[in-house]
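attaching a predicted model along with its sequence, questions to come.
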Amino acid sequence: MKQKNTLPVVFLSPAIAILAVLALVPTVYAVIISFQNRELSRPDGSFIGLANYISLFSDRRFINAIGVSLTWEAVTVGMTLIIAIGLGILLFECASPRMRSAVCFLFLIPVILPRVSAAFVWKFAFHPLYGIITYPYKAITGQPLDLLSNPLTALGTVALVDVWQWGLFFAVIVLKLLETLPPQPFEAARLDHAKTWEIYAYVAIPMLKAPLISLAFVKMIESLRAFDLIYVMTRGGPGIATETLDMYAFSQGFIESGRISYASSMAVLMMVATSLAFTFLWKRVKS
Amino acid sequence: MATIVCSHVDKAYGAVNVIKDFNLDVADQEFIVFLGPSGCGKSTLLRMIAGLEDISGGDVIIGGKTVNDLPPRDRGVAMVFQNYALYPHMTIYDNIAFGLKRMKISSPEIDTRIRAVSSTLGLDPYLDRKPNALSGGQQQRVAIARAMIKTPRVFLFDEPLSNLDAKLRNHMRVEIARLHQKLKTTTVYVTHDQLEAMTLADRIVLMKDGGIEQVGTPAEIYERPRTLFVAGFIGTPNMNFIDAMVKANGDGWLLCVEGASFAVSGRRFSLSDGQKIVLGIRPADLEAAAAGSTEINCVTGKADLVEFHGNDALVTFLFADKEIGALVKAGGCPKPGDDVRFVVNEGRMHLFDRQTGLTLLA
């Protein structure tokens, strides 16, 4: 009896220990140093209480980063879902089963690609002089088109790559979800004077509400981790036009001034805010 | 209100022809039942009338207008599905209102119409619920309400009662019959249950392998089955079949079976000497012979199994190497092992050609 109780513990403890070291220790450490004034250039530091947090709110770059992060979140999640649902329905409506499998395979390739590789490929494709995407514009107007250096288009261009990776993948999921639905309500709707778009808007999509919400949550969490994509494509620029919170924290902590405590306070704030936001959203959706 | 005409309708899936040259005229206000074993093409045919399946050949004409290329919504038909096909995320009210909203009818009018329909079908207490909070019978009533409210020209029912338990099925059958009496909408009803077909239909279309075996009123089909298949399909318990050979016998004929023969006048039939036939007798048409009677044309045997049906009992025995069933009054029926003797009345005989399976009725 005793053996039965100890065996799981024996197996679990190494994994939990590693997890604790890898995840918990840095988190706790970040919280601790966020109350200090440590910098990478100096070995010492002292406790300064909430000073870091207070100065964050008078930091215009931080406020800008919040705005960029929220925009990024809204644009990538929204566009991904719109593209996924649109393409999923298009495939379901128009493609033969054979064609569907072929297209699904193609749609899975972008998400399998490592994000950094995808970012480099697309960065080159958007290159003002040699890029394949900007080439037609250059050929027609004679002017180079630099989307990634324009503050108005930079964030949208990076978002395009994110949506390319995840929207196509989610389109495959939406297609498979549609295939699992029973056909009779669709047929009933066709007899009920519903046009094709009305069948999807009023019958199919509402029937898929729960899985679609889950997909949205997955994408929201995924979008929070877009650091690599932005880092490779714009490094937060031009200026601070694509500087999300994690980009800003990174540059405060490691690139510009080495203000590791200041960066940590940002990270802690983000952790608290996202935990609260997701808890709230989850509860709302569930009820 | 509308007539339906199917003229040379074909349906093929690739090389497989599931409906072959189907012709049928349905009169206005008629209640037609497509009856047949599963896989005979009856549901496919109904779905072709509804527009949910393409028509491979021929024409479907509803109310004088060819509808082959019209989408389902423009055909003026409403359909009730076997598994109800309600919209699971909508309330019952929204389920019923869905079609009217798509037709851009004003919401006060939708409301009045829903109240009227829901009180007819007794759905008032459930309007705010979701379909999964309702029992099967209630869900099917919602499906009927959803079909009714559009005031269609044609009602299509695709095995609407198959998913219900026996008691509810009887109840709903009566409700559908009442509804048709009241609305008089032309109705096509698909079922594999002969009881539903017999009780509801003005005319039954009995189908087999994508073709029509017989079209007729329930009485016609029961009394004068056109083929062996129809005779075997209609009527519970099933008709008894005995292989026989025809021999001329003076003025009349002798139907020779193994170890016995039946003398008949044969006036109702067109028979020829030496013809191989199948003699069909319904279990209810076998009359117990009085003890010591000198009746000829009797089937005899040793009762093997006695099934109690309530008022009646079904006595099974072996005659001419065939299992024969006879329906007798339950009171004083024979016990297993008893010798039984039943009179076959010529007027109740059904004779079929063994080769073609067609009736020999003149």
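In hand now; what should we look at?

burial measure for residue A:12, as a count.
Applying other Cβ atoms under 10 Å in any protein chain shown, we find 10 residues neighbouring residue A:12. (Glycine included, C-beta is placed from N, CA and C.)

so which residue is dead centre in chain A?
When chain A is reduced to its mean C-alpha position, the closest residue under Cα atoms, centre = their mean turns out to be residue A:223, at 0.9 Å.

do the same with chain B
The geometric centre of chain B, computed from its C-alpha atoms, lies nearest to residue B:197 (Cα atoms, centre = their mean), at 3.4 Å.

for chain A, what are the nearby residues on chain B?
Proximity of chain B to chain A, by Cβ under 8 Å from any Cβ of the partner chain, involves residues B:50-52, B:71-73, B:77-79, B:81, B:83-90, B:98-99, B:102-103, B:146, B:150.

isn't there a helix covering the residue nearest to the centre of chain B?
Yes: under the criterion used here (DSSP: H, G, I helix; E, B strand; the rest coil), residue B:197 sits inside a helix.

let me know whether it touches residue B:190 as I believe.
No: with contact defined as Cβ atoms under 8 Å, residue B:197 does not count as touching residue B:190 (9.6 Å).

three-state assignment of residue A:159?
helix.

which element is the nearest residue to it once chain neighbours are set aside on?
The shortest distance from residue A:159 to any residue other than its chain neighbours is 4.8 Å, reached at residue A:75 (Cβ to Cβ, 6 or more residues apart in numbering or on different chains). Element membership of residue A:75, judged by DSSP states H and E, is helix A:60-94.

what comes up buried for that helix?
Judged by neighbour count (16 or more other Cβ atoms under 10 Å in any protein chain shown), helix A:60-94 contains these buried residues: A:62, A:64-66, A:68-69, A:72-73, A:75-77, A:79-81, A:83-85, A:87-89, A:91-92.

just how off-centre is that helix within its chain?
Here the centre of mass of C-alpha atoms in helix A:60-94, compared against the chain's by Cα atoms, centre = their mean, to the nearest Å, lies 9 Å away.

and that helix, what does it pack against?
Other elements packing on helix A:60-94 under the criterion 3 or more Cβ pairs under 8 Å, 6 or more residues apart in numbering or on different chains; DSSP states H and E are helix A:97-112, helix A:154-180, helix A:209-224, helix A:245-250.

between that helix and helix A:97-112, how many degrees?
160 degrees (axes from the mean of the first three to the mean of the last three Cα atoms, to 10 degrees).

can you tell me the average pLDDT over helix A:60-94?
If you average the pLDDT over helix A:60-94, you get 92.

repeat that for stretch B:225-232.
Here the average pLDDT along stretch B:225-232 is 92.

over to stretch A:29-46?
Model confidence over stretch A:29-46 averages 83 on the pLDDT scale.

check which residues of that stretch are buried.
Residues A:30, A:33, A:34, A:35, A:36, A:37, A:38, A:39 are the ones in stretch A:29-46 that count as buried (16+ other Cβ under 10 Å).

swap in stretch A:154-164?
In stretch A:154-164, counting by 16+ other Cβ under 10 Å, buried: A:154, A:155, A:157, A:158, A:159, A:160, A:161, A:162, A:163, A:164.

same thing with stretch B:131-151?
By 16+ other Cβ under 10 Å, the buried positions in stretch B:131-151 come out as B:131, B:134, B:136-150.

quick one: which of the residues you listed sit in helices?
Secondary structure assignment (DSSP state H) places B:136-148 from these within helices.

what would the residues you listed look like in JSON lines with distance to residue B:34 and pLDDT?
Rendered in JSON lines, the data for these read as follows (distance: Cβ to Cβ, whole Å; pLDDT from 0 to 100):
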{"residue": "B:136", "distance to residue B:34": "23", "pLDDT": "85"}
{"residue": "B:137", "distance to residue B:34": "23", "pLDDT": "85"}
{"residue": "B:138", "distance to residue B:34": "26", "pLDDT": "88"}
{"residue": "B:139", "distance to residue B:34": "23", "pLDDT": "91"}
{"residue": "B:140", "distance to residue B:34": "19", "pLDDT": "89"}
{"residue": "B:141", "distance to residue B:34": "22", "pLDDT": "89"}
{"residue": "B:142", "distance to residue B:34": "24", "pLDDT": "91"}
{"residue": "B:143", "distance to residue B:34": "19", "pLDDT": "91"}
{"residue": "B:144", "distance to residue B:34": "18", "pLDDT": "89"}
{"residue": "B:145", "distance to residue B:34": "23", "pLDDT": "90"}
{"residue": "B:146", "distance to residue B:34": "22", "pLDDT": "91"}
{"residue": "B:147", "distance to residue B:34": "17", "pLDDT": "89"}
{"residue": "B:148", "distance to residue B:34": "21", "pLDDT": "87"}
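
show me what contacts residue 146?
As the question left the chain open, I've gone with chain A. Neighbouring residues of residue A:146 by Cβ atoms under 8 Å, 6 or more residues apart in numbering or on different chains: A:128, A:134.

wait, I meant chain B there
When the contact criterion is Cβ under 8 Å, 6+ apart, the partners of residue B:146 are A:188, A:192, B:78, B:86, B:95, B:96, B:98, B:99.

can I assume the last one is in contact with residue A:193?
If I follow you right, that is residue B:99. Yes: using Cβ under 8 Å, residue B:99 is in contact with residue A:193, at 5.3 Å.

give me the more crowded residue out of these two.
Under the neighbour definition other Cβ under 10 Å, residue B:99 and residue A:193 were set side by side, and residue B:99 has more, 23 against 19.

rewinding a little: for the contacts of residue B:146, which one is nearest residue A:11?
Ranked by distance to residue A:11 (Cβ to Cβ), the contacts of residue B:146 are led by residue B:86 at 48.7 Å.

on that earlier part again, can you list residues touching both of residue B:197 and residue B:190?
Shared between the contact lists of residue B:197 and residue B:190 (criterion: Cβ under 8 Å, 6+ apart) are residues residue B:33.

tell me where the stretch 201-350 of chain B has helices.
The residue ranges that make up the helices of the stretch 201-350 of chain B, judged by DSSP state H, counting those that start in this stretch, are B:218-223, B:228-233.

coming back round to it: can you list the helices and strands packed on helix A:60-94 in CSV and add mean pLDDT?
Conversion of the helices and strands packed on helix A:60-94 to CSV gives the following (pLDDT from 0 to 100):
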stretch, mean pLDDT
helix A:97-112, 91
helix A:154-180, 92
helix A:209-224, 90
helix A:245-250, 86
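
just the strands in the stretch 251-362 of chain B please.
Taking DSSP state E, counting those that start in this stretch as the test, the strands found in the stretch 251-362 of chain B are B:252-257, B:260-264, B:276-281, B:286-288, B:298-308, B:312-319, B:322-329, B:339-344, B:350-353.

for the third one, which strands pair with it and how are they oriented?
Going back to what we said before, that points to strand B:276-281. Each strand pairing with strand B:276-281, determined using DSSP bridges, is listed with its direction: strand B:240-249 (antiparallel), strand B:350-353 (antiparallel).

then the fifth one?
Paired with strand B:298-308 in the same sheet, following DSSP bridges, are strand B:312-319 (antiparallel), strand B:339-344 (antiparallel).

could you say which of the helices of the stretch 201-350 of chain B is packed most deeply?
Of all these, helix B:228-233 has the most neighbours on average by mean count of other Cβ atoms under 10 Å in any protein chain shown, namely a mean of 21.

that's all I had, so thanks and see you.
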